[in-house]
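Q: My questions concern the predicted model and sequence given below.
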Amino acid sequence: MPPPPFLGLVALGPVDPEILRQLRIAITKILFLPARVLRPKPLPLQAYHMVRQQYHSTRLLEHLLTDDDSHAFRILGVTTADLFIPIFTFVFGEAQLEGKAAIISMFRLRGEVGGFATPKSIFLRRLIKLSLHELGHTFGLGHCRQDGCLSGFSANLETFDGKNLAFCKYCRALLIDYFRDNGLKLQLKRYQETPAPGDPIPAEDRRRRHRR
Amino acid sequence: MLPHKKISILVVDDEVSIRESLHGWLKRGGYQVETAADGLAALDKIRENHYDIVLIDVKMPEMDGLTLLKKLKESQADTAMLVMTAHGDIHDAVEAIKLGAYDYLLKPFELEELNFTIEKMVEMQNLAMENLILKERLATITRFENLVGQAPVMLKLFETIVNVAQTDATVLITGETGTGKELVARAIHAQSSRCYAPFIALNCGAFTEHLLESELFGHEKGAFTDAKYTKKGRLEMAHGGTLFLDEVGDISMKMQIDLLRVLETREFTRVGGTIPLRSNFRVIAATNQDLHEGIRCKTFRQDLFYRLNVIHLPVPPLRERAEDIPLLAQHFLRRYATETKKKIDSILPKAMEAMQRYSWPGNVRELENAIERAVVVGKSRQIKPGDLPFVAADGAAELGELSLEELERQHIARLLASKGGNLSNVARVLRINRSTLYEKIKKYGLTS
């Protein structure tokens, strides 16, 4: 019997292990996919652009997959370096559409909130959202136009913070279909509505939380 | 490009890394993306497929972005083009905008720039498509609006309308009153290339000479006592569209000279004005008079007649296409039953027979009025012979209860109504002169 699929987290360059741990827990909880922190990799010099002083994210995705013997279902690279693709000044992250690898950068996620340094909770929330967004691409999700959906495109941190920590019902259905077509089970509620930012938590969920 | 269709984008750039990164990013954005390495490759792709949006790099080998843009503008008018350029090439970007590009972006882009611009382009294309669909729908609706008929003469008329509409030639529509001359003129306008410009109608018989002059040419402030402000004439209003001159046979000789000059030069001056104005309009004229007779009697200028009579469209009277009466009657019944919200849905066979026997001197207009009256006065779900005005009058006459004077009064009143109060026409039908008719109207207390 083949081992159950898992998601591999790979630090590219120096990354705080505590952040990786938090990310692993969050992904496991939200996607119901076991996640493991894999052996870290150094940032490759050939992906570095001297003039822009940034790393080419597409090259880093290729680097993530070279010599990969982890048998991970998906690999998410996490780095503190600033990323770019040639046509944009920077990117928060990149993913292979329906491919195996995705990468996220923490470099621009620490933007200030109302003139103050970003609290750790907000920074972590951004990191989790970005990871799920990029992983969504690897599961075939394109940019979604539903308000507040995690798959929606965000050009800046302001719109990014306005997004929910959940996929909309359409993306949820697409994810479930994608997992089913690939012989996997995704335990998301198919037609559960995404709460809009600031919406109260449904009564049923509140009761469950209370019992816990 | 409709909202449910996947937007197709072609990326034209000689740099592989740019092509690849744009391809990947746009693909994740849910677009259908293809790439081309230079202008020639792009033209090959465009010959085979249609793209909603083309992203073009300005500096490319073989064929540069501006040349490609020019070529695409000639062949792909509905494709939106976005130019990508490096810092320092602003001059090219401005040139691209002049050539018709939607916008330009400086490489490398900010994340939100590209997304925002593409969304705007998609929105613009959706609006353009919606506009096109609405125009097509409107054209279908107004194509032969209210022109109903299956008689061979009418089918021939519809065919001629379609052919005539493709040209810009002046048209003279002749026919008895109430045959639908204005509807024919509107149909020609609706099917012509001028259909999105105004259709301006002017009933020349409804104005005195001076008023008609002011209506047609407009007037300057202070041109005459009541000219308190400058007014545009119908000739100016019809710019780009169609000018419909109804009852053109009623125009005075002086106005005929002025009109002839305008038709020849398309130039005129407002009443009281000195600046010559130009207007581009198509003329459609209509009359119920015999203009040949007018030329013989020297009441209508021969040169104006030839200027107007480039294409002659005779509209047949209703009695010459009696087979259309049921169709027209049903058409008007549906319309007035809907308007008055009455549940009248059919016409009794006897009523239909009566309608087909009747001579309809007032033509389709009289039939329309008869059905409208029948719908208003009718109390059952069907129109009965008694609901029709001409049957009621005939029935009374058969009973012999009317005096000769009363019969004469009713007959004149009916003719006045059917001829729209035109005394010359009524006198012609009655074969009496206008002064006799006028005396009788006065005697019976009728109004013209």
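A: Now that the structure is in, tell me what you want to look at.
Q: Pull out the buried residues from stretch B:159-172.
A: For stretch B:159-172, the buried set under the neighbour-count rule, 16 or more other C-beta atoms under 10 Å in any protein chain shown, comprises B:160-161, B:164-165, B:170-172. Quick note: C-beta positions are derived from backbone N, CA and C, even for glycine.
Q: So which residues make contact with it?
A: B:144, B:184-185, B:187-192, B:248, B:263, B:282-287, B:291, B:307-313 (C-beta atoms under 8 Å, 6 or more residues apart in numbering or on different chains).
Q: what number of residues lie near B:Ile173?
A: By the other C-beta atoms under 10 Å in any protein chain shown criterion, the neighbourhood of B:Ile173 contains 27 residues.
Q: As a check, name the ranges of all strands in the stretch 151-300 of chain B.
A: Taking DSSP state E, counting those that start in this stretch as the criterion, the stretch 151-300 of chain B carries its strands at B:171-174, B:199-203, B:218-219, B:231-232, B:242-246, B:267-268, B:277-278, B:282-287.
Q: Provide a list of residues in contact with the most centrally placed residue in chain A.
A: The centroid of chain A falls nearest to A:Ser131 when counting by C-alpha atoms, centre = their mean (0.9 Å). Contact analysis of A:Ser131 by C-beta under 8 Å, 6+ apart lists A:23, A:26-27, A:76, A:78, A:93, A:102, A:104.
Q: Please flag which of the residues you listed sit within strands.
A: Among these, DSSP state E puts A:76, A:78, A:93, A:102, A:104 in strands.
Q: re earlier: got the contacts of A:Ser131 as CSV, with distance to chain B and pLDDT columns?
A: Conversion of those to CSV gives the following (distance: C-beta to the nearest C-beta, whole Å; pLDDT from 0 to 100):
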residue, distance to chain B, pLDDT
A:Leu23, 21, 93
A:Ala26, 22, 90
A:Ile27, 20, 89
A:Leu76, 16, 96
A:Val78, 19, 96
A:Gly93, 11, 95
A:Ala102, 11, 96
A:Ile104, 14, 96
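Q: For B:Ser17, which non-adjacent residue is closest in space?
A: With C-beta to C-beta, 6 or more residues apart in numbering or on different chains as the criterion, B:Ser17 has its nearest non-adjacent residue at 4.2 Å, and that residue is A:Pro86.
Q: Would you confirm that B:Lys232 contacts B:His219?
A: No: B:Lys232 sits out of contact with B:His219 when judged by C-beta atoms under 8 Å, with a separation of 9.3 Å.
Q: Compare these two and say which is more crowded by neighbours.
A: Comparing B:Lys232 with B:His219 by neighbour count (other C-beta under 10 Å), the higher total belongs to B:His219, at 21 against 13.
Q: ok so, going back, list the contacts of the residue nearest to B:Ser17.
A: Contacts of A:Pro86 were listed using C-beta under 8 Å, 6+ apart, and they are A:56, B:15, B:17-18, B:20-21, B:108.
Q: now with 6 Å?
A: Residues counted as contacts of A:Pro86 (C-beta atoms under 6 Å, 6 or more residues apart in numbering or on different chains) are B:17-18, B:21.
Q: Take those residues and keep only those in helices.
A: B:17-18, B:21 (DSSP state H).
Q: Report how many residues lie close to A:Ala35.
A: 23.
Q: Filter the ones in helices among the contacts of A:Pro86 down to the buried ones, ChimeraX style.
A: Only the buried entries of the ones in helices among the contacts of A:Pro86 go into this ChimeraX selection, using 16+ other C-beta under 10 Å:
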select /B:18,21
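Q: and which of the ones in helices among the contacts of A:Pro86 is nearest B:Thr67?
A: If you rank the ones in helices among the contacts of A:Pro86 by distance to B:Thr67 using C-beta to C-beta, B:Ile18 comes first, at 19.2 Å.
Q: My guess is the closest one contacts A:Thr58. True?
A: No: assessed by C-beta atoms under 6 Å, B:Ile18 is found out of contact with A:Thr58, at 11.6 Å.
Q: what is in contact with the two at once?
A: Common neighbours of B:Ile18 and A:Thr58, counting by C-beta under 6 Å, 6+ apart, are absent.
Q: need the residues of chain A near chain B, please.
A: Residues of chain A lying near chain B by C-beta under 6 Å from any C-beta of the partner chain: A:85-89, A:97, A:137, A:142-143, A:153, A:155.
Q: Show me which of these are buried.
A: By the neighbour-count criterion of 16+ other C-beta under 10 Å, the residues of chain A next to chain B include these buried positions: A:85-88, A:137, A:142-143, A:153, A:155.
Q: re the thing from before, out of the buried residues of stretch B:159-172, which is nearest to B:Pro152?
A: B:Thr160 (12.6 Å).
Q: Using just helix, strand and coil, how would you label B:Val83?
A: Remark: B:Val83 carries the secondary structure label strand [criterion: DSSP: H, G, I helix; E, B strand; the rest coil].
Q: isn't it right up against B:Ala101?
A: Yes: B:Val83 sits in contact with B:Ala101 when judged by C-beta under 6 Å, with a separation of 4.6 Å.
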